[in-house]
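S.K.: with the input below, show me the fold.
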Amino acid sequence: MSYSLTYRTLFELNVLHEYYLNSGPDPFRGMDPVQQQLMLKNYAFNGFLRVVPTAQTVKKLNNQKLLLRADHKGLQIVASIESTAPANPAAPLISLDDNLELHFLVKIGDPSFEIYTDLTLVKNELFFFSNIQPPDTLNFPYLPTSADPEFFTNGYRLDLPQSQELTTLLGISREEQLGLLGVITLRMHGDEVNITDTNGKIPVDPVRFELEFANRSTIWKYYFQNADYYAETTSPKPLTRNGYIEIDPGQLTLHYTGPEPEPEEEFDLTPYYYPAPDVSKAEIEAGNFYSVIYI
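M.R.: Predicted structure coming up:
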């Protein structure tokens with residue numbers, strides 16, 4: 001019996017972030033497909049995150065003849081398959097056990113990531129993204145797919161004992177834990193979402209997982225040069241890299257750091273232009289983030 005060798009995508013993982021993909025107040029999710037493609041044109045997820053297989057998973061990929069490919073919005077795992085009709089499920093060249101798991105480390109690559117990302121990071125506590133439940137846990141949220149997308153929340157964070165158990169189980173070294181945000185674990189047959197079909201074959205349309213982050217909204221503080229007063233927005237404003245969020249004086253409250261003047265001597269906010277903040281400049285008070293702008 002002869003066969004020819006070809007390849008098929010086993011699954012995909014998209015890494016999306018509103019800070020980079022929204023345009024001012026306009027959300028990426030609400031854009032039409034043409035607008036979304038324009039926003040994705042200059043997008044590269046590895047500018048703020050790295051997704052890398054664990055040492056154990058590198059061995060599994062090699063043993064199973066699986067390839068890892070990355071592009072600007074995520075990665076794909078590609079399998080070598082026996083030749084088949086394009087419209088039919090395909091058998092992998094090396095069979096994939098239903099319980100085969102692949103693990104990936106999600107590492108922060110931008111020191112400002114926490115400032116513009118709507119998550120609370122806790123030292124040594126990891127986020128867990130998977131199509132299975134973590135050990136000894138019930139009702140933990142699953143890694144979403146493109147068919148049912150949702151933003152990640154703090155509900156995906158493991159507590160300290162669970163995080164320590166996971167790092168031990170996966171053999172994650174202390175060096176690998178530096179900048180580690182979380183772990184992606186994908187099993188061929190998950191609790192609800194399967195990667196291979198019931199016969200262990202690879203479907204024509206691979207499952208597409210989505211690691212999607214919401215952008216943080218902060219109070220914007222405007223400090224005036226050599227002045228004993230500052231202005232801040234009356235409500236949090238979203239942080240975005242693209243587009244423009246207009247701030248007018250009616251959205252600002254004036255605060256004095258010295259004695260308050262008489263009403264007729266109050267500072268006039270109207271002549272100024274109020275730019276968006278640089279996310280690298282922030283203040284943290286009682287766990288709350290404030291963006292700081294000097295004008």
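
S.K.: all helices for the stretch 51-200 of the chain, in order.
M.R.: Ranges of helices in the stretch 51-200 of the chain, per DSSP state H, counting those that start in this stretch, are 55-63, 113-116, 160-169.

S.K.: return the most buried member of those.
M.R.: The highest mean neighbour count among the helices of the stretch 51-200 of the chain, using mean count of other CB atoms under 10 Å, belongs to helix 113-116: a mean of 21. Just so you know, the C-beta spots here come from the backbone N, C-alpha and C atoms, and that holds for glycine as well.

S.K.: quick one: contacts of it?
M.R.: Contact partners of helix 113-116, identified using CB atoms under 8 Å, 6 or more residues apart in numbering, comprise 19, 48-49, 108, 121, 215-216, 218, 239, 279-280, 282, 289.

S.K.: neighbours of residue 125, how many?
M.R.: Neighbour count for residue 125, taken as other CB atoms under 10 Å: 17.

S.K.: residues in contact with it?
M.R.: 157, 158, 159, 160, 163.

S.K.: among the helices of the stretch 51-200 of the chain, which comes closest to residue 294?
M.R.: Residue 294 lies closest, by CB to CB, to one member of the helices of the stretch 51-200 of the chain: helix 113-116, at 16.7 Å.

S.K.: how far away from the center of its chain is the closest one?
M.R.: Counting by CA atoms, centre = their mean, to the nearest Å, helix 113-116 is centred 11 Å from the centre of its parent chain.

S.K.: thinking again about what came up before, TSV for the helices of the stretch 51-200 of the chain, including distance to residue 139 and mean pLDDT?
M.R.: Formatted as TSV, these follow (distance: least, CB to CB, whole Å; pLDDT from 0 to 100):
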stretch	distance to residue 139	mean pLDDT
helix 55-63	27	95
helix 113-116	27	95
helix 160-169	14	95
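
S.K.: of all those helices, which one is nearest residue 28?
M.R.: Closest to residue 28 of the helices of the stretch 51-200 of the chain is helix 113-116 (CB to CB; 14.3 Å).
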